[in-house]
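Engineer: only the shape, not the letters, is given here:
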């Protein structure tokens, strides 16, 4: 394989591999912009991945599977929403509980499905567009879920910054007391966007078990959900930057297999390559933190803080 | 039926009555068990039989109790570590990785630094180095947080994956025992074997764990550092205003927290029947410890108690697997439910529900 | 004002028998209120009298336990701010309800049903400018809230209500954060609005304000209504008596003391604020032991940064700070404490105290490192308890026990705990920032007494406050801070409020040597 071909191959793989993370990151951006920190992404993704694969395996339809994935993760996210919004519990611990629970439950439920093969979202090359040199193979030879993610990025960006509901969402995450006084339903919106985060996490899971790595394996997300949470900070809660980050990680994930097809690498090198995504997340986080402190754009001011209409004594 | 128009009102409590701080976790466990029973029933498993198996496996026999105690040790140590971090609002999710790094360092000492040392020299050396390694591993997210303001949840978590990948590499790669049998692992270092207590499986680690709990409980109540921890955990602005050095505190606490987890790792090695660095050293102790610490409301002695409880759950989980063919993951599901129930229960500690009549 | 014939016109607002309870306190006890259309009606009372609660009920933030509300004669149930806005009621709170990272227009549009989906703000901006000009409010619709001064933010809040067609406008302590000039502007805007038929309700505890603007005044005390009077028919003393329930003395007994050594010296201080701009630009001052130096000025002109720089909580870019002769420039908070700086911060529960910890734990916040309480790394619990008991008795803190968390204490007691702790450290210089903010008259008197006692014992006190009466009564000398610079120094006995007001607004420099022509009006 020539170098240019290798690069194109890596970039295409970056997009394919980055799509699950992208879905998860976009979902978490929505939740966090509304002020809810949801660390349960990993658990929701796993449950989504399992549900998607299981439903597809037993019904033979990827669409049923997709629906199952999205619904399952969404349901789980509602638990977190209930704990965080209505019961005002500690959001860090609640999200952790969700991840532990989701990891365990998916292991339990998926034990009969390990190693099985089922239908998945095949690659579809878009006619004409996929023939454009360089850009074609990179962007237009993916499965439907990837194309869906392409659409979601500008959609979410538009929603966030150019619409009235988006304005309300941002207000709820920045200063819920003000939003409440202005008649915005803070609790309702927080439930809604936590749910959206869950739905997208389910999509992320499906993008794995029905897309990028078809099938089911125990803990198959390998921490992707956590990386997504880190990416949200890197993306400064902006969908466009989230895409950049996700594809960067996709490239990182795709690198080992691409490289081994070209050159011999030692066991040690493989291990280091496997460690890279996690180490890179840390680096990315450091850089992003410095930048947000410098540019004074930060997290939504009320992120992680429960809101209740203050009844002063 | 409530006559007339009446509403439920949720009022914030001014002060939480003492008895509530104990009653709530207990009630939460009960609720969790009920929810778990429902889950079992839905899955076609007889909940009473399941719980019975767990209890019998964990507590009914000497061997069961010993097994529970053995599993409680790393939970105690990691739980204590996580507890002191959480007290100062440092979310150390990296106990698992810190445990592995402790094990790795301790194994390194046994295999390469002091391969011929007698137990009296080797064991303390391993424990010390293990604790140090865990402490340093915890110091990384600590330094990033204290000096650069980077979110410690993600950094400590990422390092878990790195630590596990590293130890896996050693086990399958350069440290692999050519005469290996059973679990993949390194060559054994018999000299590091902990003495056993009372002719059971329970090893010295228990003494270490209890001693650690005592030291920490004392330190929190009776030292200046303990007082500073209380203030910083409640109100960081006030802590700064009072002249406390927040950065120093972050570094110290993360080092201690990681150190305790590293100690757990070393202890697990020495507690094996044949001490060696092997696969399956920790079935997620670092993560379970978080739940333990939270359920125990970060109180050192409560952590010991809850650690025993959860160890019982893990041992019982093994029984479940053998007796009823349910996977170990079931234990994690129950843990997750317990945590949910505890979180929900906190609502009652902080708020009061009243029925208000309207005219 | 000509009185309306009975039954000729329904009152704009009629609240009857309002009762509202919070844990531990009866905030409103059978309160009646009647406000006529087109009038400016003041709600007067001390802190804790129930004024804010009553208005929060009217604006939908709280729901009453009992009572009825009628708007323009029609019974109304107000369960949320949304309901209130639909009835034409809008409230401008003391703490503005604005989102800092959004623009003026975005803030005003928040919560509205228009624009339906797509945010086309151009048209809204034009509408806002028109509305603002009509009422004489100067506002830039494109500005971000964090860029605006407090006075400008208040204008945004008022505009917000007007845009929503609020007919009944409630303002909660509106002049607390304004210069005298801005107050005049506000009042003229309000009168204009009243002439156009808007009904204005002002919550206040300031008698001068009420005298200046109100048509009628309702006085509340301890959750009950005392009386409703026509402004023209009540004197200040009458109103004060109704507010407090007893005769109020407007005088404080303060003896002259010989000036001592310099307890605090600041030279050419340049300090950077939170927004990255210089908050203090070359401030120099001296506080002698046994002297109270008052700092007047509208909040946001560098007072907080001055206090923080002296206490070691904020670095100085340039300049020097000396405490009792020692160089304390850019020291850590801990060093500042050791040099002898006492600090009563304006944010009591947020910075000065740890709300969830006990009184005892809070009282040792600064002293826990000293030899009396600690031996090496260990704390001596008996010594801690003894110290706490002693301080609670000496400073008359009213509390069920030493273990009670401080957040359960009333405002007055909180301040006693804070002062007890700071004073017991025997500081060389005490920085007191807004020490009586939010306290009722009884608690205020207690704080003033403690400060004067401290002064007698030789501590130099830097008193930063928005309450000009307090400053004039307590200070030996008074400096006015505006935009990070000292505008001038006055002698309280000879100063006039107009003169000080001008300096607070940035106009007029005053040299301490010159004397003002008019004596302070009493």
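Structural biologist: Good, I have the coordinates. On a predicted model such as this, the values are computed, not experimentally measured, just so you know.
Engineer: what are the phi and psi values at the residue in chain C sticking out farthest from the centre?
Structural biologist: Distance from the C-alpha centroid of chain C, by CA atoms, centre = their mean, peaks at residue C:376 (42.1 Å). The phi and psi values for residue C:376, taken as degrees, to the nearest 10, are phi 60, psi -130.
Engineer: one more: residue C:66?
Structural biologist: Dihedral angles of residue C:66 (phi, psi; degrees, to the nearest 10) stand at phi -160, psi 160.
Engineer: same question for residue B:278.
Structural biologist: Main-chain dihedrals, residue B:278, degrees, to the nearest 10: phi -140, psi 170.
Engineer: if I look at it, how far off is residue B:168?
Structural biologist: 11 Å (CB to CB, to the nearest Å). Where you see a C-beta, it was placed from the backbone N, CA and C, and this is true even at glycine.
Engineer: quick one, which of the two is more surrounded?
Structural biologist: A direct count of neighbours by other CB atoms under 10 Å in any protein chain shown for residue B:278 and residue B:168 places residue B:278 higher, at 21 against 15.
Engineer: tally of neighbours for the spatially closest residue to that one that is not a sequence neighbour?
Structural biologist: Distances taken as CB to CB, 6 or more residues apart in numbering or on different chains place residue B:185 nearest to residue B:278, at 2.9 Å, with adjacent residues excluded. Residue neighbour count, defined by other CB under 10 Å, stands at 24 for residue B:185.
Engineer: tell me the contacts of residue B:185?
Structural biologist: B:171, B:176, B:177, B:276, B:277, B:278, B:279 (CB atoms under 8 Å, 6 or more residues apart in numbering or on different chains).
Engineer: what's the nearest residue to residue C:56 if we skip its chain neighbours?
Structural biologist: In this structure, residue C:56 finds its nearest non-sequential neighbour in residue C:62, 4.7 Å apart by CB to CB, 6+ apart.
Engineer: name the SS class of that neighbour, please.
Structural biologist: Classification of residue C:62 using DSSP: H, G, I helix; E, B strand; the rest coil returns coil.
Engineer: for it, give me phi and psi.
Structural biologist: phi -120, psi 160.
Engineer: hmm, residue C:21 and it touching each other?
Structural biologist: No - in this structure, residue C:62 is not within contact of residue C:21 by CB atoms under 8 Å, at 10.5 Å.
Engineer: ok, those two, which is more surrounded?
Structural biologist: Neighbour count, other CB under 10 Å: between residue C:62 and residue C:21, residue C:62 has more, with 23 against 18.
Engineer: all helices for the stretch 51-200 of chain A, in order.
Structural biologist: For the stretch 51-200 of chain A, helices defined by DSSP state H, counting those that start in this stretch occupy the ranges A:62-81, A:91-110, A:135-139, A:144-162, A:164-174, A:176-181, A:186-207.
Engineer: most tightly packed of these?
Structural biologist: With neighbours defined as mean count of other CB atoms under 10 Å in any protein chain shown, these peak in mean count at helix A:186-207, which reaches a mean of 27.
Engineer: count the neighbours of residue C:459 for me.
Structural biologist: Residues lying near residue C:459 (other CB under 10 Å) number 25.
Engineer: ok, now which ones touch it?
Structural biologist: C:263, C:289, C:290, C:342, C:426, C:427, C:428, C:429, C:430.
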